[in-house]
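Engineer: Whatever this is, show me its structure:
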Amino acid sequence: MRKTTGLVALLAATAITALAAPAQADPPRAGYTLVFNDDFDGTAVDESKWNYRTDVKAYSAQRPQNVTVSGGLMSINLKQESYAGKDFTGGGLVSKQRFRYGYYETRAKINDGSGWHSSFWLLAGDGSTTYSPEARTEVDGFEIDSISPTNVHQGVHTWDGAGVSGPYHPGSTYNTGVDLRQWHIWGFDWSETSVKFYLDGVLTYTVSYTPSQWTHDYVNIWLTSIAYGTIPDVSKLPSAVQFDYVRYWQKDYYVDNDSPAAYGYSETGTWYDSTLTGWTYGSPTRYAACHTAGHTATWRPNLRASGTYQVYVYKIVHSGSDPNGRYDLVHDGVTSTTYINGTSGSTGWVSLGSYYFPAGTGGYVMVSASGSGCARADAVRFVRV
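Structural biologist: Presented below is the predicted three-dimensional model:
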């Protein structure tokens with residue numbers, strides 16, 4: 001798996017590590033499949049994959065024209081110029097596709113000269129603002145202020161939309177011991193329980209972040225640089241922040257009722273929004289028309305790799321739930337059926353078993369209302385084993 005070519009001193013008791021030369025790019029655990037990547041091998045930004053960052057913030061306005069692709073690199077060109085009421089311009093790219101759990105990685109180097117804030121991060125949004133009303137989780141793979149080119153911040157921020165701060169902001173700012181104006185590989189592995197951060201293949205920081213703490217939403221990948229913190233050193237301009245590639249690997253698959261439409265949730269019959277929340281903080285759930293049979297909800301993941309997956313459904317316990325909900329799990333052409341009483345026990349993940357699935361969308365879970373109580377639908381997860 002991960003390879004490193006050099007490693008210097010342990011910096012702190014919190015497992016923050018300084019290191020030397022770049023590492024081999026690779027997810028930190030087995031079982032991952034590459035889902036999204038851009039090696040920037042063309043001569044222009046692939047606009048089928050990316051939006052541009054176009055907001056006006058701090059000391060700069062962000063312009064699409066500042067983002068260029070050539071020689072296998074994406075460059076965010078940093079300039080002293082008057083635009084949109086600012087004296088400096090930066091920019092960046094924001095993925096059009098949204099993701100959630102998995103391993104994210106890029107290889108990057110920052111500019112020389114103070115005044116620029118460069119980042120590899122996740123947040124729901126299209127690049128027009130960092131204050132999207134739908135934003136809930138932010139993950140910062142790196143935030144580097146160029147005035148301190150050996151220091152980095154890694155961590156998580158929570159938001160309640162439109163720039164309103166959430167309750168949880170764990171993170172670490174530390175001296176890496178290396179010059180970040182040179183090429184380095186940055187990665188982070190986001191799971192249901194934590195985010196683990198890496199620099200050149202070495203684990204640098206781990207933060208606990210569970211679905212009960214805040215909403216784990218779908219997010220976009222941001223590669224950006226803006227003038228921030230201090231007025232840029234004009235003697236170093238123009239300059240550029242560069243990215244060699246960006247990649248996202250996925251291992252486990254979560255499908256829920258508030259997923260983007262293409263991510264595999266569907267219904268038949270009559271369903272309504274429920275006041276009961278689901279598996280992650282504040283997430284909406286659904287219920288079928290009560291005391292009538294035949295309503296169905298289906299969770300159909302697009303599995304990128306064949307293999308054995310343990311499948312779980314999120315059970316919402318309520319006195320009015322269906323006491324005999326039928327769950328049909330289709331795996332490699334075989335149907336396995338489980339009946340779940342939604343009126344007793346505890347709310348949480350319930351295993352439907354572990355089975356082989358081929359790659360693709362042939363496998364799924366379908367719940368059918370029994371005609372007693374109200375069938376409920378939230379989320380299903382497929383965990384690769």
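
Engineer: What's opposite residue 365 in the beta bridge?
Structural biologist: residue 299, residue 329 (DSSP bridges).

Engineer: what sits against it?
Structural biologist: The contact partners of residue 365, by CB atoms under 8 Å, 6 or more residues apart in numbering, come to 298-299, 311, 313, 327-330, 352, 380. Every residue, glycine included, has its C-beta placed from N, CA and C.

Engineer: Kindly recompute the last result at 6 Å.
Structural biologist: Contact analysis of residue 365 by CB atoms under 6 Å, 6 or more residues apart in numbering lists 299, 329, 380.

Engineer: what mean pLDDT would you report for the strand or helix carrying residue 88?
Structural biologist: Secondary structure from DSSP states H and E places residue 88 in strand 86-95. The average of the pLDDT scores along strand 86-95 is 98.

Engineer: can you list contacts of it?
Structural biologist: 50-51, 53, 59-63, 66-67, 76, 78-81, 83, 127, 220-227, 232.

Engineer: Now intersect the residues you listed with the strands, please.
Structural biologist: 50-51, 60-62, 67, 76, 78-81, 83, 220-227 (DSSP state E).

Engineer: measure residue 227 to residue 234 for me?
Structural biologist: 11 Å (CB to CB, to the nearest Å).

Engineer: who's more crowded, the two?
Structural biologist: Set residue 227 next to residue 234 and count neighbours by other CB atoms under 10 Å: residue 227 wins out with 26 against 12.

Engineer: I'd like the distance between the nearest residue to residue 338 once chain neighbours are set aside and residue 83.
Structural biologist: Spatial nearest neighbour of residue 338, excluding adjacent residues (CB to CB, 6 or more residues apart in numbering): residue 327 at 4.7 Å. The gap separating residue 327 from residue 83 is 56 Å, by CB to CB.

Engineer: ok, residue 373 - contacts?
Structural biologist: Per CB under 6 Å, 6+ apart, neighbours of residue 373: 320-323.

Engineer: could you redo the last one with a cut-off of 8 Å?
Structural biologist: 290-291, 320-323, 342-343.

Engineer: now swap in residue 363 and tell me
Structural biologist: Residue 363 touches 300-301, 303, 309, 329-332, 357, 382, counting by CB under 8 Å, 6+ apart.

Engineer: Pick the one among those closest to residue 195.
Structural biologist: Within these, the smallest distance to residue 195 is 20.7 Å, found for residue 382 (CB to CB).

Engineer: Could you give the number of residues near that closest one?
Structural biologist: Neighbour tally, residue 382, other CB under 10 Å: 24.

Engineer: Just to check, it is in contact with residue 355?
Structural biologist: No: in this structure, residue 382 is not within contact of residue 355 by CB atoms under 8 Å, at 9.6 Å.
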